[in-house]
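Chemist: this one's sequence-less:
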Ligand SMILES: O=C(O)CCC(=O)C(=O)O
Ligand SMILES: [Fe+2]
C-alpha cells in the first residue's frame, strides 16, 4: 500500500533531531539467538529513536492503519536509517528467515508488517554543495504490479526494466506499507514476494524510517516505555 504524506515536514525534522548524533553502522540479524552483526550487505547507518509524544503519535497512525486489533506492544522501537553516497541495503526480507533464533513467541514472533517512510531526501548535510538525492530507491524485484496509470510515475520509477519489479522513488514524507507473512494452515510463513533492497545512493543523503509490527507483544525490555 502506498501512503502519500505519511509524515509531515515538522515530523520529519523532529525525527532527524531525535536521531542526530546517534547513528551507528547498521546491523543485520545474525545466527545466534536474538543477536545481530555488522555486515557488508547493509552499509547504512541506523539508530532507534526514543519515544516522545510526537513519536507516539506516529506509532498511533501506524497502528490505526493496521486496524484496531494491533496493540502498541507489537511495535518495535522506530528505527531511522541513513545512507550517503554508495551506501545501500542489499536484497533482504524484513521477516526473519531464521525464525527459531529471532522470531520465537517470546520474542514477539516474526515481523507481520513493515512501514518504510522517507524522512529526508536531500543534499548531504556534510558538504556545502547543493547536491540533491539521486539513487536510493526501494526496489521490490519480485513484485508484479501493473502500474498502468502514469500518475504512478511520481512515486515509482517508470523507466525501470520490467524484470526489475517495482522501484519506489524516495519522496520525502511518503511511505510504503506491506505485510510480510502469509497464512499457512494454523501457522504463518514469510512471503518471498516482499524481498526488497535500498538501492545505492548516488548523491546526496537519504534518511528512512522503519516501523515493524510483530505478530505478538515484544518483551517489555525490547519495546521500551
Ligand atoms: O532504504 C530503503 O529503501 C529500504 C530500507 C529497508 O528495507 C530496511 O531498512 O529494512
Ligand atoms: Fe527492509
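Modeler: Alright, I've got the coordinates. Please read these numbers as outputs of a predicted model, since none were measured by experiment. Numbering: from 1, shown residues only. Ligands and ions are numbered 1, 2, ... in the order given.

Chemist: secondary structure element for residue 54?
Modeler: In the assignment (DSSP states H and E), residue 54 maps to helix 53-65.

Chemist: please name every helix or strand in contact with that helix.
Modeler: Here helix 53-65 touches helix 9-19, strand 205-214, going by 3 or more Cβ pairs under 8 Å, 6 or more residues apart in numbering; DSSP states H and E. For every residue, glycine as well, the C-beta is placed using N, CA and C.

Chemist: next, format these as a markdown table and append distance to ligand 1, mean neighbour count and mean pLDDT.
Modeler: A markdown table is the format used below for the helices and strands packed on helix 53-65 (distance: least, Cβ to the nearest ligand atom, whole Å; neighbours: other Cβ atoms under 10 Å; pLDDT from 0 to 100):
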| stretch | distance to ligand 1 | mean neighbour count | mean pLDDT |
| --- | --- | --- | --- |
| helix 9-19 | 14 | 16 | 97 |
| strand 205-214 | 5 | 23 | 97 |
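
Chemist: I figured residue 28 hits residue 44, correct?
Modeler: No: here residue 28 does not reach residue 44: they are 10.6 Å apart, not a contact under Cβ atoms under 8 Å.

Chemist: neighbour-wise, which of these two wins?
Modeler: Each of residue 28 and residue 44 has its neighbours counted (other Cβ atoms under 10 Å); residue 44 has more, 20 against 14.

Chemist: below-threshold pLDDT in this protein: ranges please.
Modeler: Applying pLDDT under 70 to the chain flags residues 31-35, 37-38, 124-130.

Chemist: give me the number of residues near the residue of it found nearest ligand 1?
Modeler: For the chain and ligand 1, the shortest gap (Cβ to the nearest ligand atom) falls at residue 198, measuring 2.5 Å. Residue 198 is flanked by 26 other residues according to other Cβ under 10 Å.

Chemist: output the longest strand belonging to this protein.
Modeler: Secondary structure of the chain per DSSP state E: the longest strand is strand 111-122.

Chemist: next structured bit after that strand?
Modeler: Counting by DSSP H and E, what follows strand 111-122 is strand 134-135.
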